[in-house]
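**Q** need coordinates for the below:
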Amino acid sequence: QVQLVESGGGLVQPGGSLRLSCTTSGRTFSNYAVGWFRQAPGKEREFVAAISRAGGTTRYSDSMKGRFTVSRDNANNTVYLQMSSLKPEDTAVYYCAADPINFYGSAADNIYRYWGQGTQVTVSS
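**A** Model (predicted):
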């Protein structure tokens, strides 16, 4: 069983930045591709970004490309989501998820076996 814990969410003004972290303990995180997803109230969960096991390949939702950056530090079992130029429509609960099967991160949420509890990001003035 892999337990994922997200952190770094909070309240930020439009145009601001946040860095989310996703950590795990007791497992070698480099054995998992990791994805970030988000869900706003009343909306479907949507793909944000994903990163391959070694961190060399990333993918993004078109609406986040250029504003969000996913990276990982396997030595510290952590995956990051750096978010900049935040907009009110980025307000959502952000989740990280781990896939033990595929090398590359997927945009499909049903690929991921393990999920964190989520961290709230609110963009508001």
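**Q** check which helix or strand covers Ser21.
**A** strand 18-24 (DSSP states H and E).
**Q** neighbouring strands - and their directions - for the helix or strand that that strand is followed by?
**A** Using DSSP H and E, the helix or strand that follows strand 18-24 in sequence is strand 33-39. Here strand 33-39 has these sheet partners by DSSP bridges: strand 46-51 (antiparallel), strand 92-99 (antiparallel).
**Q** identify the residues contacting the last one?
**A** Applying Cβ atoms under 8 Å, 6 or more residues apart in numbering, the contact partners of strand 92-99 are 2, 4, 6, 9, 20, 22, 24, 29, 32-40, 43, 45, 48, 79, 81, 105-106, 109, 111-121. For every residue, glycine as well, the C-beta is placed using N, CA and C.
**Q** cool, the first one as well?
**A** Contacting residues not belonging to strand 46-51 are listed as 33-39, 57-61, 64, 68-72, 79, 81, 94, 104-109 [Cβ under 8 Å, 6+ apart].
**Q** just the angle between that strand and strand 18-24, please?
**A** In terms of direction (axes from the mean of the first three to the mean of the last three Cα atoms, to 10 degrees), strand 46-51 departs from strand 18-24 by 70 degrees.
**Q** and strand 46-51, what's buried?
**A** Residues 47-51 are the ones in strand 46-51 that count as buried (16 or more other Cβ atoms under 10 Å).
**Q** could you export those residues as TSV, including pLDDT and distance to Pro14?
**A** Output for the buried residues of strand 46-51, formatted as TSV (pLDDT from 0 to 100; distance: Cβ to Cβ, whole Å):
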residue	pLDDT	distance to Pro14
Phe47	98	23
Val48	98	18
Ala49	98	20
Ala50	98	26
Ile51	98	26
